[in-house]
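A.B. asks: need the 3D shape of this:
(2 chains)
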2 protein chains.
Amino acid sequence: MKILKQRILEDGMLLPGNILKVDSFINHMVDPLLFMELAQEFKRIFGDKEIDKIVTMEVSGIAPAFACGVVFEKPVLFAKKTVSKTLGDDVFKTKVHSYTKKTNYDVMISKELLNEGEKVLIIDDFLAKGKALRGLIDLCEQAKVDIEGIGVLIEKSFQGGGKSIKDMGYEVHSLAKIKAFENGEIIFE
Amino acid sequence: MKILKQRILEDGMLLPGNILKVDSFINHMVDPLLFMELAQEFKRIFGDKEIDKIVTMEVSGIAPAFACGVVFEKPVLFAKKTVSKTLGDDVFKTKVHSYTKKTNYDVMISKELLNEGEKVLIIDDFLAKGKALRGLIDLCEQAKVDIEGIGVLIEKSFQGGGKSIKDMGYEVHSLAKIKAFENGEIIFE
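C.D. replies: You can find the predicted model right below:
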């Protein structure tokens, strides 16, 4: 999607280790009007599907998923990384590895909020090796919901996560696909 | 605000220790259309002010702040609780105590994203003793920005945080103010 690619070129920054820093409009500060346009694009892509819920993972999935929630007029459920008094023990739980943070962490969804047979659209900000998305898919599979589609803002396709998730049989659409970082340049597919 | 109070009465649940569980529409799953209405109410309250940025704290501040960002057409900056490779060291930092999680944690904002003299609106989901909000205020004061107002979805006014922040000289508006929990009932002001 052109506006997202342009914004990545203008405001993104490459850090060592194939990390794309987009803190100024996606991961730390967000541009709500851009996100609403991206959500309209997801509506164009997935609009023919019946969706009951948008599912994402805290933290940086919340804003793009919320924008989709506004456009699809559906609730937005975010998998949680921290135990809280309100969450309780009755949860679907799985483990995710973070490459940027070099740690494993649990992600959880309350069993009360995801019901067998519901049709969900998964939205996330990044897709690299696919660990976070596979965590979300695992939670959805535990809940026996139908994953109608997966929408991602930025995919680093050279890291293989997108292909591996498509190979699992899921429909994945990324609004900006990066095929390489070459000499400090971002090369889109 | 009537629709928020009604929703709290319908879907909120009281847990031991004066904890109000609103996981089904605020803290774990969110209702985007409700949040857009709440953001319109914040626009009605703070609309006469010049605002450059909406500031909030991850995790559950993001959705209400994002909704305000759409309505005010301004960027949304969320203070982060975890260090990441993209955040770097050049941050405003302060410490916050969480009553629900019984821990202290750092919250940080990149110095690149909050600039002296900017006018900000702080948005958060809950105001109880005010520890999280005071953390946000501290970060804003370090950055020397002007806090034009503070908007909160749910204030538990009997815990004193709202009064203490007003006593600091800030304008605080809460869309639902709870003055007591009595015999398992939620009593609004």
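A.B. asks: chain A: strands as residue ranges?
C.D. replies: A:13-15, A:19-21, A:29-30, A:53-57, A:76-79, A:91-98, A:103-110, A:119-127, A:146-156, A:172-182, A:185-188 (DSSP state E).
A.B. asks: looking at these, which is closest to residue B:186?
C.D. replies: strand A:103-110 (20.8 Å; C-beta to C-beta). (C-beta placed from N, C-alpha, C; glycine too.)
A.B. asks: number of residues surrounding residue A:185?
C.D. replies: 9 (other C-beta atoms under 10 Å in any protein chain shown).
A.B. asks: what stretches of chain A score poorly on pLDDT?
C.D. replies: Low-confidence segments of chain A, defined by pLDDT under 70, span residues A:100.
A.B. asks: go with 90
C.D. replies: A:16-19, A:82-89, A:97-103, A:183-184 (pLDDT under 90).
A.B. asks: output the longest helix belonging to it.
C.D. replies: helix A:32-46 (DSSP state H).
A.B. asks: and residue A:149, what does it touch?
C.D. replies: Applying C-beta atoms under 8 Å, 6 or more residues apart in numbering or on different chains to residue A:149 gives the contacts A:45, A:46, A:49, A:121, A:122, A:170, A:171, A:172, A:173.
A.B. asks: which non-adjacent residue is nearest the spatially most central residue of chain A?
C.D. replies: Central residue of chain A (C-alpha atoms, centre = their mean): residue A:124, 1.0 Å from the mean position. In this structure, residue A:124 finds its nearest non-sequential neighbour in residue A:61, 4.7 Å apart by C-beta to C-beta, 6 or more residues apart in numbering or on different chains.
A.B. asks: got it, and residue A:31?
C.D. replies: Spatially, and ignoring its direct neighbours in sequence, residue A:31 is nearest to residue A:25 (4.6 Å; C-beta to C-beta, 6+ apart).
A.B. asks: ditto for residue A:68
C.D. replies: Residue nearest to residue A:68 in three dimensions, not counting chain neighbours: residue A:39, with 4.6 Å by C-beta to C-beta, 6+ apart.
A.B. asks: that neighbour against residue A:63, yeah?
C.D. replies: No. Taking C-beta atoms under 8 Å as the definition, residue A:39 is not a contact partner of residue A:63, at 10.0 Å.
A.B. asks: and these two? Which one has more around it.
C.D. replies: The residue with more neighbours, out of residue A:39 and residue A:63, is residue A:63; 28 against 23, by other C-beta under 10 Å.
A.B. asks: the more buried one and residue A:38, how far apart?
C.D. replies: 10 Å (C-beta to C-beta, to the nearest Å).
A.B. asks: burial check on residue A:115, number of neighbours?
C.D. replies: For residue A:115, using other C-beta under 10 Å, the count is 12.
A.B. asks: quick check: it touching residue A:140?
C.D. replies: No. Between residue A:115 and residue A:140 there is no contact under C-beta under 8 Å: 11.4 Å.
A.B. asks: any residues in contact with both of those two?
C.D. replies: The overlap between the contact sets of residue A:115 and residue A:140 (C-beta under 8 Å, 6+ apart) is empty.
A.B. asks: quickly note the distance from the closest residue to residue A:92 other than its chain neighbours to chain B.
C.D. replies: Spatial nearest neighbour of residue A:92, excluding adjacent residues (C-beta to C-beta, 6+ apart): residue A:142 at 4.3 Å. From residue A:142 across to chain B, the span is 16 Å (C-beta to the nearest C-beta, to the nearest Å).
A.B. asks: go on, residue A:36?
C.D. replies: Distance, residue A:36 to chain B, by C-beta to the nearest C-beta: 6 Å.
A.B. asks: count of residues packed around residue A:137?
C.D. replies: Residue A:137: 19 surrounding residues under other C-beta under 10 Å.
A.B. asks: assess the claim that the residue nearest to residue A:92 and residue A:94 are in contact.
C.D. replies: Yes. Under the criterion of C-beta under 8 Å, residue A:142 makes contact with residue A:94 at 7.4 Å.
A.B. asks: test my guess that residue A:72 contacts residue A:54.
C.D. replies: Yes. With contact defined as C-beta under 8 Å, residue A:72 and residue A:54 form a contacting pair (6.5 Å).
A.B. asks: who has more neighbours, these two?
C.D. replies: Here residue A:72 and residue A:54 are set side by side on neighbour count (other C-beta under 10 Å), and the busier one is residue A:54, at 30 against 23.
A.B. asks: if anything else comes up later, I'll come back, but that's it for now.
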